[in-house]
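Chemist: Here is the input, now give the coordinates:
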Amino acid sequence: MSTSKIVMIGAVALFGVIGVLGFFKKNQNKQEVVLDTNKSKVQEITIEVPKGPKVEIKKKPVEKKIAKKVVKEIKKTDEKVAIKEDDNLPDANIIDRLFVTDSSRLPIVETVTYSSRVPWLQGRHAWVADYASHFSTTRHFIARSLNKKHDYFTQKINPGDRFNVLRDDKNIKFHLVIDINRSKLWFYYLDVDTNERVLLKTYKVGLGRKESKRESGGLTPVGKYSLGSKVAIYKPNVLGYFQDNKIELIKVFGTRWIPFNEELNNCSDSAKGLGLHGAPWVESNGELVEDRSKVGKYDSDGCIRLFSEDMEEMFSIIISRPTEIELVKDFKEAKLPGVEKIIK
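Modeler: Numbers count the residues shown, from 1 in each chain. Here you go, the predicted structure:
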């Protein structure tokens, strides 16, 4: 073999070795790039973990915003609960059932049939006033039941007419509660024998002017009082003295007046001069009309004002039986007698 052939074979072999080495080196570099990419993806996943500082910065304001929203919702819930609790105070309007003569009448009344001759009165005919006296029920009560409407004066009666009276075999008292802050009155009857109380109706009332230095916060006191028997009915042109002035008393007391009698318990003021009465009447276009704007306001000298129809209704019922009135700043403070009975 000549020298030139040997050189040529050696060169070819050398180039072959170099080519093989280059191929392996190229494949090795390509594999390292792939691994780097995988590592990069792992690193990207790692960055998204909450421990990463970038994500923590984003989450902090989100957490604060959520917390703030939760607090706001809790406050709204509390407000709704408070309103609901206020709405859950007792309420009723079954007072008409004192006067109806059907089976829906309340258990403290009975229906009688009028006759001019009765065993409990000798020597003369019995009239409405006699029935009222015998059953300790006012003529106004009998008139409303007899007339089947809010007519407390008409007492025309014929044999066989039927009307209600308070039962004489029941020991009945009445209890009034006034919530000063709500300007509201609750009217209960109490069956002393069974120790059960029943809510008849609630009323809107007007009260005394605000006075921060007083225990009650106004001219209307707090405490428990009995009601007196020196009641009055006022009509237009009926004159009397009020604060040394001779005036039509309907302009001050409305159509009815029931005085406080004596202090019973935890009274912040004397009973003298206080009472329940109607809204005052004022002159309008040459005639007297009820000033209904006075009910629901703190505008009196301390007395309790009611709309005329409400005052006349209560008047017809309570003046013939013992009645107490309890004035509190909040109904929940009232010391109600007996056990509550719900009549449906």
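
Chemist: what's the burial count for Glu263?
Modeler: Neighbours of Glu263 under the rule other CB atoms under 10 Å: 17. Just so you know, the C-beta spots here come from the backbone N, C-alpha and C atoms, and that holds for glycine as well.

Chemist: how about Val252, phi and psi?
Modeler: Dihedral pair for Val252: phi -110, psi -50, per degrees, to the nearest 10.

Chemist: Model confidence score at it, please.
Modeler: pLDDT recorded at Val252 is 96.

Chemist: What of Asp130?
Modeler: For Asp130, the model assigns a pLDDT of 97.

Chemist: same check, this time on the one 4 residues further on
Modeler: With respect to pLDDT, His134 scores 96.

Chemist: So it is in contact with Val128, correct?
Modeler: No: using CB atoms under 8 Å, His134 is not in contact with Val128, being 10.8 Å away.

Chemist: All the helices of the stretch 151-300 of the chain, residue numbers only.
Modeler: Applying DSSP state H, counting those that start in this stretch to the stretch 151-300 of the chain gives helices spanning 250-253.

Chemist: where do the strands sit along it?
Modeler: Secondary structure of the stretch 151-300 of the chain (DSSP state E, counting those that start in this stretch): strands located at 162-166, 172-179, 184-191, 196-204, 207-208, 223-227, 232-233, 239-242, 245-248, 256-265, 275-278, 281-284, 287-290, 298-300.

Chemist: Looking at the ones you listed, spot the one closest to Leu327.
Modeler: Nearest to Leu327, of all the strands of the stretch 151-300 of the chain, is strand 172-179, at 4.7 Å by CB to CB.

Chemist: how distant is that closest one from the center of its chain?
Modeler: Between the centre of strand 172-179 and the centre of its chain there are 17 Å (CA atoms, centre = their mean, to the nearest Å).

Chemist: residues in contact with that strand?
Modeler: Here strand 172-179 makes contact (CB atoms under 8 Å, 6 or more residues apart in numbering) with 108, 166, 184-192, 197, 205, 207, 220, 304, 317-318, 321-331, 334, 336-337.

Chemist: got it, and stretch 100-120?
Modeler: Stretch 100-120 is contacted from outside by 94, 97-99, 125-127, 130-131, 134-135, 145, 157-167, 170, 172, 189, 191, 198, 343, using CB under 8 Å, 6+ apart.

Chemist: Show me the shaky parts of the stretch 51-200 of the chain.
Modeler: In the predicted model, the stretch 51-200 of the chain carries pLDDT under 70 at residues 51-87.
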